[in-house]
Structures are given as structure tokens and as C-alpha cells.
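>>> quick one, structure for this:
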Amino acid sequence: MQVSIIIPAFNASLYIKETINSILLQKEIDFEIIIIDDGSTDKTKEIIDSFDDKRIFYFYQHNQGVSAARNEGLEKAKGEFIIFFDADDVMLENFLYSRVNYLKQHSELDFISGELLKFNGKEISNRIYRGVSPQGANEILLYNSDVVTCPSNYVFKKTFLLSNHLKFNSLLSSTADRFFLLQCVLKGRTKCVNFDEKLLYRISKNSMSAQLNSKLVNDNELFYKELRAYSLIPQSIKKESLKKGYYILSASFFKIFDLKKALFYFLQLAKVFAKAKL
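From the prediction side, this is the model:
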């Protein structure tokens, strides 16, 4: 088996048929699709069951979150290469072949990414975004606006993930992608390649990351706590990273009217500025 495509699915009935179809159109690659249904209550299973393809494997689990679903998929994966693909994204033709073939030809790399286009199902953006470069830690922690951390855009060597015990942090939800990719960047070697076959990365108004609410803000707060707990912020950018992080947290808590935490992170931001002047 060459590639295991792991799809976490939670109430994904609106888009998962289009996603699976885009994968089944991939040629010249031996792959399996592992779908981990994370407690869906819609017609996700019914849609998946409508496909008559032996390369599709469906598993149900009680709702545990996207990170747990991806980790479960990795446990079941048989492929040499791994893609954690979102249930609403779309592969263009030869997406798999171009990436896997490149990774095979460059043994020095542990994972790769390409360019992507954002779309809403009807319109595709003109702006081209990309995956992380070898300086990915800086790009992730300093929020490079050209870089997208969506797992669908990355192909990993399974041996790299397993040998470094790399899994998604089950405590995190919307920030789990960034946290996982940061761990991978700090452990491995990567490159963003200008493939013709770009990812179509779906942007929805109803997506978790598009709505500022207490769940999202608290998850972002936990993201920074986990970064410090695992010592994942490189010393060279620690001050700049914490400035951005504390500013984001202070402003976000203010917007959801949690003034106590907004003030707390404003004071943390002030401390970082004060230390920088010393």
C-alpha cells in the first residue's frame, strides 16, 4: 500500500461525497481511504455506504474530537505515506501522484506540501497560498499570512511519524493542526513544492475557525499553554511569538466579553514588551 488517506468526519454529509469522489479520481497510485466517523448524527454514514469501492474503510467512534479521529486513523493505516485529509476539501487530478512521486525521489525529506486555493464550493480564490517551508516554525508561530496549516495539504512518510511518536494533541480542536505541524517541522525536514495540482481548501462561514466564540478562544489559549508545556517555541523567536500570542488572546477575550482574561493577557503582553526593552 502506497498511501493511506485518513479522513475524520463529523456531520460531514454536505461535502464528503465530493471529497471522496475527488480522491477516487486519482490515478497511478495505490491508496486506501480510512474514514473515522466521530459520532456523526446526520447522513454521513449513509453517503459513505453508497460508494461501492473496496479502497474505502469506514469506522465509527463515539464523539472524541478531530484529533482523536486522526490518531485512530493513523493506527489503522497501512500505507507508506500518510495524508490527513479534511472531509470537505478537494483534490485536483494527479494530486496524489505528484506529491508521492516527489517524496519518493527525495529521500532526504520527511514530509512535503504544495500550494492551495481557497474555495467556497462555487468560487475559487485568485490568491495562492502555500504550505510551510523549512522555516516553518517561524511561519506558524508568527502567523505568516501566505501559509496554511491545513493537514490536507501535507504528505508524510509514515516511518517519520511513528519513529518520532507524532500524533495530534487530543486536548486541542481548531488549533490542533498548527500544533501538530509545528511538532513535525521541529522534528523533520520538509519542503513546499510548486505542483500544478493544487489543493482546493474549502472555506465555510459555518466552520469552527470562522466563528469567534468562547470555545475557539479557549482552545487558542490552551494552544499557547501546550506550546510552553512542550517547549515548542524556538528561543530565537520566543519574544516575538509571545507578543503575537498574548495580543491575540487579549483581543479575543475582550471581544467575547471575558474582561478578566483580556486584562490578564494584556498585562502578560506588557511584561514581554518590558523585558524586550531591558
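
>>> put the alpha carbons of stretch 234-246 into CSV.
Output in CSV follows, covering the C-alpha atoms of stretch 234-246 (Å, rounded to 0.1, in the frame of the first residue of the first chain):
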residue,chain,number,x,y,z
PRO,A,234,12.2,28.3,19.5
GLN,A,235,14.2,30.7,21.7
SER,A,236,15.1,32.8,18.6
ILE,A,237,11.5,33.9,18.2
LYS,A,238,10.1,33.4,21.7
LYS,A,239,9.6,37.1,22.5
GLU,A,240,8.0,37.9,19.1
SER,A,241,5.8,34.8,19.3
LEU,A,242,4.6,35.5,22.8
LYS,A,243,3.8,39.2,21.8
LYS,A,244,1.6,38.0,19.0
GLY,A,245,0.0,35.3,21.1
TYR,A,246,-0.8,37.5,24.1
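
>>> tell me the mean pLDDT for that stretch?
Stretch 234-246 shows a mean pLDDT of 95.

>>> can you show me the strands along the stretch 101-250 of the chain?
111-113, 115-119, 124-130, 154-157, 190-192, 199-202 (DSSP state E, counting those that start in this stretch).

>>> what comes up buried for the third one?
In this case it means strand 124-130. Neighbour-count burial for strand 124-130 flags 129-130 (criterion: 16 or more other CB atoms under 10 Å). Any C-beta I mention is one placed from the backbone N, CA and C, and that applies to glycine too.

>>> show me what it is packed against.
strand 115-119 (3 or more CB pairs under 8 Å, 6 or more residues apart in numbering; DSSP states H and E).

>>> sheet partners, orientation included, of the strand it packs on?
The pairing partners recorded for strand 115-119 under DSSP bridges are strand 124-130 (antiparallel), strand 199-202 (parallel).

>>> could you dump these into JSON lines and include mean pLDDT and distance to Ala68?
Converted to JSON lines, these look like this (pLDDT from 0 to 100; distance: least, CB to CB, whole Å):
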{"stretch": "strand 124-130", "mean pLDDT": "94", "distance to Ala68": "27"}
{"stretch": "strand 199-202", "mean pLDDT": "96", "distance to Ala68": "22"}
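
>>> so for Leu242, which of those strands sits nearest?
Of all the strands paired with strand 115-119, it is strand 124-130 that lies closest to Leu242, at 25.4 Å by CB to CB.

>>> can I get the closest one in PDB? Just the C-alpha atoms.
This file holds the C-alpha atoms of strand 124-130, laid out as PDB (Å, rounded to 0.1, in the frame of the first residue of the first chain):
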ATOM      1  CA  ILE A 124     -12.200  29.700  -6.200                       C
ATOM      2  CA  SER A 125      -9.900  32.500  -4.900                       C
ATOM      3  CA  ASN A 126      -7.300  34.000  -7.100                       C
ATOM      4  CA  ARG A 127      -4.800  34.200  -4.300                       C
ATOM      5  CA  ILE A 128      -2.400  31.300  -4.000                       C
ATOM      6  CA  TYR A 129      -1.400  30.100  -0.500                       C
ATOM      7  CA  ARG A 130       1.200  27.500   0.400                       C
END
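
>>> turn the strands of the stretch 101-250 of the chain into CSV, including distance to Lys104.
As requested, those are arranged in CSV below (distance: least, CB to CB, whole Å):
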stretch, distance to Lys104
strand 111-113, 11
strand 115-119, 20
strand 124-130, 21
strand 154-157, 10
strand 190-192, 14
strand 199-202, 19
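
>>> and stretch 250-264, what's its mean pLDDT?
Here stretch 250-264 scores 97 as its mean pLDDT.

>>> looking at the strands of the stretch 101-250 of the chain, which is nearest to Lys225?
strand 154-157 (24.7 Å).

>>> buried ones in stretch 160-178?
Buried-residue list, stretch 160-178, by 16+ other CB under 10 Å: 160-161, 166-169, 172-178.

>>> and those, which is closest to Val147?
Using CB to CB, the buried residues of stretch 160-178 come closest to Val147 at Arg178, 10.1 Å.

>>> so what's the closest one up against?
With contacts defined as CB atoms under 8 Å, 6 or more residues apart in numbering, the neighbours of Arg178 are 140, 149, 223.

>>> what do you get for Thr190?
Taking CB under 8 Å, 6+ apart, one finds 109-113, 131-134, 136, 184 in contact with Thr190.
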